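Trainee: just coords:
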């Protein structure tokens, strides 16, 4: 069983994504902001197989969190990061990939099957 950390500040969305991830057979840890995500990754280094990261959050935004994760694998480990956002600006998407995102999904376009298919790219046969 793989462990997925999902960072989403909207509780209904967090609960929905968490349910999808768990139905797909993975353990899911949900946190509601970037600070919690970084704290969790630091205290559970090497235990998180994948991070799903929202961009628009209170406190620290997702791009800052992504940058922190990718700059310090010694502190946070090396999990792939899937950005999950409704931001569709080419600049934001490009910034996410330049910071080290493995994938970028648009929430409004995403359904259950698409999310599971994307998770499988990183979690199956690993």
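Mentor: Looks like it came in fine. Every value quoted in this text rests on a predicted model; they were computed, and no experiment measured them.

Trainee: Residue 6 contacts residue 52, doesn't it?
Mentor: Yes - with contacts counted by C-beta atoms under 8 Å, residue 6 reaches residue 52, the gap being 4.4 Å. Just so you know, the C-beta spots here come from the backbone N, C-alpha and C atoms, and that holds for glycine as well.

Trainee: Which residues are in contact with each of the two?
Mentor: Counting by C-beta atoms under 8 Å, 6 or more residues apart in numbering, the contacts common to residue 6 and residue 52 are 17, 21, 84.

Trainee: Surely the first one touches residue 10?
Mentor: Okay, so that is residue 17. No - when contacts are counted by C-beta under 8 Å, residue 17 is not listed as touching residue 10 (9.9 Å).

Trainee: Show me which of the two is the more surrounded one.
Mentor: Of the pair residue 17 and residue 10, residue 17 is the one with more neighbours under other C-beta atoms under 10 Å, namely 23 against 14.

Trainee: pretty sure the more buried one belongs to a helix, no?
Mentor: Yes - the assignment for residue 17 by DSSP: H, G, I helix; E, B strand; the rest coil puts it in a helix.

Trainee: That one and residue 42: what is the separation?
Mentor: Distance, residue 17 to residue 42, by C-beta to C-beta, to the nearest Å: 22 Å.

Trainee: Residue 6 - that's part of a strand, no?
Mentor: Yes - applying three-state DSSP, one finds residue 6 inside a strand.

Trainee: So for it, what pLDDT did the model give?
Mentor: Per-residue pLDDT puts residue 6 at 97.
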